[in-house]
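S.K.: Okay, structure incoming, though there's no sequence with it:
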């Protein structure tokens, strides 16, 4: 498995292991995907109530890093009962999917990635396969008009023209057929099943049917979906945990032709795009990819988050796009269901920048070269865009060197549409910046360069 992962990039399979899909509808859908560039990602669940790491504290094998700062009961069995019992207090009564969707749409996001179920097994949709869900009688939220959270969130985002990606955890630590009692390993020993599937095929088959059943519900009852975003890379054939995903996808695509699936870190025909996590490659990747990065310091809600600055977020988007990928920017809802105001203000800053400069982002592909020093380049048809990632604390000079080696005939500042004078030098294009821009510190001015 280690050889299949790009060094230094968690959650990212190697470009060389990518298998292009044979289905022409999937290939066409991937072109749509690569045009979108910006997703809003949301991790939401019972863990949100306490401002803790999502799900991972349940696994004793991950306790050393996931339980930091948590003053839990030390007895692991009592601890797990306390954690799993969070369904009985989950009650985000200020959840307003329409407001979430409005925030995303006005700020230039093109698709949503939303947690239908994380590793702890608590479902935010009305599944028939478990009672561990937001619509169950023992969850106080079940009487709320948005109790079927996934349905109402998906509907709200679709109504505003955004694509839909269903995040789904393949491992389910609440399912009695994954962490099964009385097996070779104790429950919660680590993130894997408590048994070897090859030695207990009848138990594993129940889990496979359970997984296919829940995925089928999402595809059939909560669609149309654009993407299945599958997390939990230990669940895969190479680790002896084959859920027969190809079998499921053949059925799913009969109902939803072109449905994209990203079976993270597994490689092969069901990883239609690769997914660096909390990191960005330092070089171009020439297969479809998407970096998922949190706006704060974690994917789940924290009560005292450390937010990325608007400038850093704009530059993050440019870094990803100029290297050929999409950015999935995660903002976690608060326990009451609202999005944190400080985070929304940063999204509004990103949206304002995109309204002026989005032409250099959406629908673009890799340019050659794709970046030089602080200037990033993107390509759309024959038009190239130069984006200046101005560092914090610096201002623009009156003249600026764009190290672009190819011929251009006209330069236009995207913000305001002003034509720019320039002259060719051995080092590139020496551009005369307007007086309104020189001496200022914008996040990242973008220039259209026409051949």
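M.R.: Perfect, thanks for sending it. The structure displayed is predicted, hence computed values, not measured ones. Numbers count the residues shown, from 1 in each chain.
S.K.: got the residue ranges for the strands in the stretch 351-451 of the chain?
M.R.: Here the stretch 351-451 of the chain has its strands, by DSSP state E, counting those that start in this stretch, at 365-372, 375-380, 383-388, 399-402, 410-413, 419-420, 422-425, 428-432, 446-450.
S.K.: which residues touch the first one?
M.R.: Pointing back at strand 365-372 there. Outside of strand 365-372, the residues within contact range by CB atoms under 8 Å, 6 or more residues apart in numbering are 34, 284, 286, 322-324, 376-380, 384-385, 403-405, 428. Bear in mind the C-beta positions are built from the backbone N, C-alpha and C, glycine included.
S.K.: switch to 6 Å and redo it
M.R.: Contact with strand 365-372 is made by 284, 322, 324, 377-379, 384, 403, as judged by CB atoms under 6 Å, 6 or more residues apart in numbering.
S.K.: Spatially, which two of the residues you listed are the most separated?
M.R.: 324 and 403 (19.5 Å; CB to CB).
S.K.: Looking at these two, which is more packed in?
M.R.: More crowded of residue 324 and residue 403, by other CB atoms under 10 Å: residue 324, with 21 against 16.
S.K.: So the more buried one lies in a helix, does it not?
M.R.: No: counting by DSSP: H, G, I helix; E, B strand; the rest coil, residue 324 is not found in a helix; it is coil.
S.K.: And the strands in the stretch 101-250 of the chain?
M.R.: Using DSSP E, counting those that start in this stretch, strands in the stretch 101-250 of the chain cover 111-117, 163-169, 227-231.
S.K.: okay, those in TSV with mean neighbour count and distance to residue 105 next?
M.R.: Listed next are these as TSV, based on neighbours: other CB atoms under 10 Å; distance: least, CB to CB, whole Å:
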stretch	mean neighbour count	distance to residue 105
strand 111-117	25	10
strand 163-169	23	12
strand 227-231	24	18
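S.K.: returning to that earlier point: so which of the contacts of strand 365-372 is the closest to residue 240?
M.R.: residue 324 (33.7 Å).
S.K.: Report the separation between the closest one and residue 287.
M.R.: 8 Å (CB to CB, to the nearest Å).
S.K.: quick one: residue 149 and residue 124 touch, right?
M.R.: Yes: here residue 149 reaches residue 124: they are 4.1 Å apart, a contact under CB atoms under 6 Å.
S.K.: residues shared between the contacts of those two?
M.R.: With CB under 6 Å, 6+ apart as the test, residue 149 and residue 124 both reach residue 134.
S.K.: so what's residue 127 up against?
M.R.: Shown in contact with residue 127 (CB under 6 Å, 6+ apart): 133, 214, 217.
S.K.: Run through the stretch 251-400 of the chain and note the low-pLDDT ranges.
M.R.: Nowhere does the stretch 251-400 of the chain drop to pLDDT under 70.
S.K.: Tell me which other helices or strands the longest helix along the chain touches.
M.R.: Longest helix of the chain, by residue count under DSSP state H: helix 201-221. If you count contacts as 3 or more CB pairs under 6 Å, 6 or more residues apart in numbering; DSSP states H and E, helix 201-221 packs onto helix 245-255.
S.K.: So which other helices or strands are in contact with whatever helix or strand comes next after the helix it packs on?
M.R.: Going down the chain from helix 245-255, the next helix or strand is strand 260-263, by DSSP states H and E. Judged by 3+ CB pairs under 6 Å, 6+ apart, the packing partners of strand 260-263 are strand 227-231.
S.K.: In terms of secondary structure, what does the strand it packs on contact?
M.R.: Under the contact criterion of 3+ CB pairs under 6 Å, 6+ apart, strand 227-231 touches strand 163-169, strand 260-263.
S.K.: Those strands: which one's closest to residue 344?
M.R.: Shortest distance between residue 344 and those, using CB to CB, is found for strand 163-169: 20.9 Å.
S.K.: What strands flank that closest one, and is each parallel or antiparallel?
M.R.: Using DSSP bridges, strand 163-169 pairs in its sheet with strand 111-117 (parallel), strand 227-231 (parallel).
S.K.: Any figure for the gap between the closest residue in space to residue 376 that isn't next to it in sequence and residue 451?
M.R.: Closest residue in space to residue 376, ignoring its immediate chain neighbours: residue 322 at 3.7 Å, by CB to CB, 6 or more residues apart in numbering. According to CB to CB, residue 322 stands 19 Å off from residue 451.
S.K.: Which one's more surrounded, those two?
M.R.: residue 322 (25 against 11).
S.K.: pretty sure residue 350 is touching residue 311, no?
M.R.: No: Residue 350 sits out of contact with residue 311 when judged by CB under 6 Å, with a separation of 10.0 Å.
S.K.: Settle it for me: which of the two has more neighbours?
M.R.: Between residue 350 and residue 311, counted using other CB under 10 Å, the more crowded position is residue 350 (22 against 18).
S.K.: any idea which element the more buried one lies in?
M.R.: Per DSSP H and E: residue 350 is located in helix 341-357.
S.K.: which residues are contacting that helix?
M.R.: 103, 106-108, 295, 307, 310, 313-314, 331, 414-415, 443, 446.
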